[in-house]
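Student: Dropping a prediction and its sequence here:
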Amino acid sequence: MMFTCNIDSFLENELVKIRGYFYKLMANFPNDSFEKMLGERKEWLPLIYMSDEVIVIPKGNGPFDKQLGKSIKKGYSVFIYHEAVKEYCCKFHLENEYESALSMVLAHEYFHSIHRIWDEKAYLQDASPRKGISMERKHQLTESLADYFAFSWLSSHEGSDYMAVAKHRKGLWKEYAPANWPYSSALVFVNSPEIFFEILRLLKSNPAMAYRKLSS
């Protein structure tokens, strides 16, 4: 599998570009607390850690059983599991789009990191189950939001390998929607991007309503 430059340098440069796209996209999300958070962290970027660890997803209902990346609370850092990304590319015949696949994972995890800073409760079990929603449903909300952002980032590069990976990812959403793959809910945002912002806002203020909106 070919890589045209130093992988660490690639990810660092890519993250700066992803951040710029994020700020441009989120200019369409008027929210005082969100704008305040962005203003305080305008130059902020998470630390990126490359790991060759392979983490199997138990009892998954999606197309791939390995974790590609993760965002953690400590420092809101991002981990990229590059061996799993390589395996993902081989499975779906994306060997020539490895860099774009890495960018997809990085954008997805960057969104998680910045989202956690603004709304950490979206990633935690509700203290009052009667008023909140299950972690499974929260997972569906947070993953669909992050995957749509990554898709949107890739789709902004028309006529490139990025676009090819975006089309591939959208195809997986469609194929695995009947299996209730959490990421497939991102399809809702493709046809109605404004719902992306509405779900993001509702997830912070009323998670149960956010889930009903996503599922309607």
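Tutor: Arrived safely.
Student: ok, L145 - contacts?
Tutor: 111, 115, 186, 189, 196, 199-200, 203 (CB atoms under 8 Å, 6 or more residues apart in numbering). Any C-beta I mention is one placed from the backbone N, CA and C, and that applies to glycine too.
Student: same thing but at 7 Å, please
Tutor: By CB atoms under 7 Å, 6 or more residues apart in numbering, the contact list for L145 reads 111, 196, 199-200.
Student: three-state assignment of it?
Tutor: Classification of L145 using DSSP: H, G, I helix; E, B strand; the rest coil returns helix.
Student: so how far is F92 from it?
Tutor: 23 Å (CB to CB, to the nearest Å).
Student: For burial, what's the neighbour tally of the closest residue to G62 other than its chain neighbours?
Tutor: Excluding its sequence neighbours, the residue lying closest to G62 (CB to CB, 6 or more residues apart in numbering) is W181, at 4.4 Å. The number of residues packed near W181 is 20, by other CB atoms under 10 Å.
Student: What ranges does the protein have for its helices?
Tutor: 7-26, 32-40, 82-91, 98-118, 135-155, 161-176, 187-191, 193-205, 207-215 (DSSP state H).
Student: and the angle for the last one with helix 193-205?
Tutor: Here helix 207-215 runs at 160 degrees with respect to helix 193-205, directions being taken by axes from the mean of the first three to the mean of the last three CA atoms, to 10 degrees.
Student: Go through helix 207-215 and flag the buried ones.
Tutor: 207, 210-211, 213-214 (16 or more other CB atoms under 10 Å).
Student: What of stretch 8-18?
Tutor: 10-11, 14-15, 18.
Student: try stretch 142-159
Tutor: 142-155, 157.
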